[in-house]
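*Asks:* curious how this folds, go ahead:
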Amino acid sequence: MKTSSHTIRSRPIQFGRWVVFLMIAGLALLNAPAGAEAVYPNRPVTLVVGWPAGGPADNVARLIATHMTSALGQPIVIDNRIGAGGNIGSDLVAKAKPDGYTIMLATVASHGLNSELYSKLNYKPIEDFAPIGLINTSPGTLLVPKDSPYKSVRDVIDAAKATPGKLNYGSGGVGSTQHLAGATFRKLAGVDIAHIPFKGTAPAITDLMGGRLDLVITTGAVTFIHSGKLRALAVASRHRIPALPDVPTFDEAGVKGFYTDSWYGLVAPAQTPRPVLETLNSALAKALQNPEVQKQFTDQGAIPAKPMKVDEFWAFVKKQMPEAAELVRTSGAKVD
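*Replies:* Numbers count the residues shown, from 1 in each chain. Next up, the predicted model:
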């Protein structure tokens, strides 16, 4: 078969073009991982919770994570890192890579109470974190066992004054919001009630239902109240809450000025890129606007937050920090 000189000469040219094409394609593949990282999120996000599973904080985290997952298109995995009033989880996230794949459930403890409770923290509440958004706020409720002889706050105060040191209150641990609420109640009511710390709120509630504790002041127990396993005597808010319309405020019960609004939000490590924070903020806003989420929070005695921008949330955190510190000083509590 005869081959033309034109055909023979064209082969080196075609081969050269293929070499150039393959080089360009190879460079594109080498750069692909860096480009892929710009699409956030492209893998599961870890949400660190500094409190035990089954407690109020954990319940809030799991509910909001479930509904944010659908908005993000990636699962949010809960990682309970308990201990030291939430400080272990906070320290972990403060030192995590700021890429948006490790975030934290922030609370009045991690970003308020602990700065006053502990003489030294391994993290800085503002400098070491970046804001995502507020989830909800929730006042504490004074709870007693269903068979308790105490039907009102006045009953508790009278019994405590009649037998100083005999009554006790449980908490989720030294320095927890339940500890501070109980200590503040003691001071404002002028009574002597012993503090019994537990490793989390859930075991404290279990012992309260079993009659091994006299009272607990906590959030997230509305289900137990409605089921008749616990009795609510007062809520530590300025107004009665929709979930417990028949339960008086402490103001109404005679203990003036006792307010313990807890709050839950989301934060990321400092230096997390702004677009990542905005993406998480948007997913949180969509979750908060879900009627099912709103109903569940309301039924639990919480007030769902209205979606707010990241800067609005950070302004909220900074504003409430001195208020939280004042609560610690009023209670007289100190961890070290």
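*Asks:* quick one: mean pLDDT over stretch 309-326.
*Replies:* Per-residue pLDDT values over stretch 309-326 give a mean of 93.
*Asks:* before we move on, what about stretch 104-116?
*Replies:* Here stretch 104-116 scores 93 as its mean pLDDT.
*Asks:* how far is that stretch from where the chain is centred?
*Replies:* 9 Å (C-alpha atoms, centre = their mean, to the nearest Å).
*Asks:* could you do stretch 161-179 as well?
*Replies:* 23 Å.
*Asks:* sketch out the low-pLDDT regions of this protein for me.
*Replies:* Along the chain, the model assigns pLDDT under 70 to residues 1-38, 336.
*Asks:* name the single longest strand found in it.
*Replies:* Determined from DSSP state E, the single longest strand within the chain is strand 129-139.
*Asks:* packing partners for it?
*Replies:* Applying 3 or more C-beta pairs under 8 Å, 6 or more residues apart in numbering; DSSP states H and E, one finds that strand 129-139 contacts helix 56-72, strand 102-107, strand 261-269, helix 274-288, strand 303-304, helix 310-331. Heads up, the C-betas are built off the backbone N, CA and C, glycines and all.
*Asks:* let me have these in a markdown table, adding mean neighbour count and distance to residue 183 as columns.
*Replies:* As requested, the helices and strands packed on strand 129-139 are arranged in a markdown table below (neighbours: other C-beta atoms under 10 Å; distance: least, C-beta to C-beta, whole Å):
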| stretch | mean neighbour count | distance to residue 183 |
| --- | --- | --- |
| helix 56-72 | 22 | 19 |
| strand 102-107 | 27 | 18 |
| strand 261-269 | 25 | 15 |
| helix 274-288 | 19 | 32 |
| strand 303-304 | 20 | 24 |
| helix 310-331 | 17 | 4 |
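*Asks:* closest one to residue 184 among these?
*Replies:* helix 310-331 (4.5 Å; C-beta to C-beta).
*Asks:* just the terminal-to-terminal distance for stretch 161-178.
*Replies:* 21 Å (C-alpha to C-alpha, to the nearest Å).
*Asks:* one more: stretch 81-97?
*Replies:* 17 Å.
*Asks:* skip the chain neighbours and tell me the closest residue to residue 54.
*Replies:* Spatially, and ignoring its direct neighbours in sequence, residue 54 is nearest to residue 202 (4.1 Å; C-beta to C-beta, 6 or more residues apart in numbering).
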